[in-house]
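> Got a predicted model here, sequence first, then my questions.
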Amino acid sequence: MKIKFLNSNKIFRKYYLLVFTIVLLTILIQSVVQYSLDKQKSMASVLNMAGRQRMLSQLVMKNFYECMYQTCDYSEMSIALNKLERTNKILQEGNSEIKLAILQHPEIQKTFKELEPHLNYILLNLKDFNNYNQIPISKLKTEVESALAKMETIVSQFQKVSEQEINTLKIIEYELAALSLLILLFEIFFIINPAIRKISVQNKKLKDISWHQSHAFNSHMQNLRDLQHVLKIEKKLNNQQALVDCVIDELNDLEVVSKNMMKSLEEDTVETSQLDTFLTKFSINIKENKTEV
């Protein structure tokens, strides 16, 4: 006799697929989020440095006026000039120490080229402290103002690029979220719900088996055991024949119960060898007893 059960391996494979999909989507979303955070951090550093470059230009002009009309701090002027030159170089060529990439935006590169002559004029004239009296103040002021205007443009361009990258990453995150939702809905409708329905059906079948096992099956089995015991100790042939007839009736009833149990499970198969073995042995025993009668 064979009884059918739900194919657990198939369900487990579906569950593994569901878990793997959720884990994969989580990793993808977290990777995009981390990449977005790194990009924002890098852009924040660029904007900070671009703003510092603009501030250094103003500081250089301030130090120049102090050197012309007040006490001159040449070391402060030298530091400011070196920082201005270094910052301008890092913004274009990048820096691995602070994780800034090489500038790849043509529009910003074009603005840096427009800034270059103004910045070179400032650096070349102000690095020679002995020639300050020969520098035309109006010309220097014009060059500094032009440099500040270009730096302001550069800061705005970096800000625009940063906003575009953030918007792009947001769109990717939204798309991943939508994809995750679609996949989860697909798995709910085509994996989880069918599995739940199968489990519900299986539970109902198991309840039917439990009822047959606890009531009909156990009742007939107990009757058979009792009849077998009485049959062994009964000496009168007429009574033995009646007992054998009772045993046959119980076996017929037990066969009906067994068929009901088989009928309640009809999908996947697993052999119930214990019941078959018991019925076979019991039938042989009854036949032997009947032959003796």
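All right, it came through fine.

> Run through the stretch 51-200 of the chain and note the low-pLDDT ranges.
In the prediction, the stretch 51-200 of the chain carries no residues with pLDDT under 70.

> which residues sit in contact with Lys113?
Residues in contact with Lys113 (C-beta atoms under 8 Å, 6 or more residues apart in numbering): none are found. Backbone N, C-alpha and C define where each C-beta goes, glycine included.

> can you map out the helices along the stretch 51-200 of the chain?
74-93, 106-126, 137-187, 193-211 (DSSP state H, counting those that start in this stretch).

> Generate a markdown table for those helices, with distance to Ser42 as supplementary columns.
Formatted as a markdown table, those follow (distance: least, C-beta to C-beta, whole Å):
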| stretch | distance to Ser42 |
| --- | --- |
| helix 74-93 | 12 |
| helix 106-126 | 14 |
| helix 137-187 | 9 |
| helix 193-211 | 45 |
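
> Quick check: the gap between the nearest residue to Ser146 once chain neighbours are set aside and Met221.
Leaving aside its chain neighbours, Ser146 sits nearest to His118 (4.7 Å; criterion: C-beta to C-beta, 6 or more residues apart in numbering). For His118, the distance to Met221 equals 104 Å [C-beta to C-beta, to the nearest Å].

> Could you do Ile79 as well?
For Ile79, the distance to Met221 - C-beta to C-beta - is 100 Å.

> how deep is Leu37 tucked in, by neighbour count?
Leu37 is flanked by 11 other residues according to other C-beta atoms under 10 Å.

> now Asp208
Neighbours of Asp208 using other C-beta under 10 Å come to 15.

> before we move on, what about Leu84?
Neighbours of Leu84 (other C-beta under 10 Å): 24.

> Residue numbering should commence at 22 henceforth.
Understood, numbering begins at 22; the last thing we discussed is Leu105.

> if I read this right, it contacts His139, doesn't it?
No - in this structure, Leu105 is not within contact of His139 by C-beta atoms under 8 Å, at 11.6 Å.

> wait, doesn't His64 sit right on Val182?
Not His; residue 64 is Met. Yes - contact criterion C-beta under 8 Å: Met64 and Val182 qualify, at 7.5 Å.

> Mind listing the shared neighbours of these two?
By C-beta under 8 Å, 6+ apart, no residue touches both Met64 and Val182.

> Could you check how far His139 is from Lys171?
Relative to Lys171, and taking C-beta to C-beta, His139 is found at 7 Å.

> for the closest residue to Tyr153 other than its chain neighbours, what are its contacts?
Using C-beta to C-beta, 6+ apart and skipping the chain neighbours, the partner closest in space to Tyr153 is Cys88 (5.7 Å). By C-beta under 8 Å, 6+ apart, the contact list for Cys88 reads Asp94, Tyr95, Met98, Phe150, Tyr153.

> Rebuild these as JSON lines, extending it with distance to Leu58 and neighbour count.
Shown next, in JSON lines, are these (distance: C-beta to C-beta, whole Å; neighbours: other C-beta atoms under 10 Å):
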{"residue": "Asp94", "distance to Leu58": "41", "neighbour count": "13"}
{"residue": "Tyr95", "distance to Leu58": "43", "neighbour count": "10"}
{"residue": "Met98", "distance to Leu58": "39", "neighbour count": "21"}
{"residue": "Phe150", "distance to Leu58": "45", "neighbour count": "11"}
{"residue": "Tyr153", "distance to Leu58": "47", "neighbour count": "16"}
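
> Verify the contact between Ser57 and Leu190 for me.
Yes - using C-beta under 8 Å, Ser57 is in contact with Leu190, at 4.2 Å.

> okay, Ile100 and Met242: which has more neighbours?
For Ile100 versus Met242, neighbours defined as other C-beta under 10 Å are more numerous around Met242 (18 against 14).
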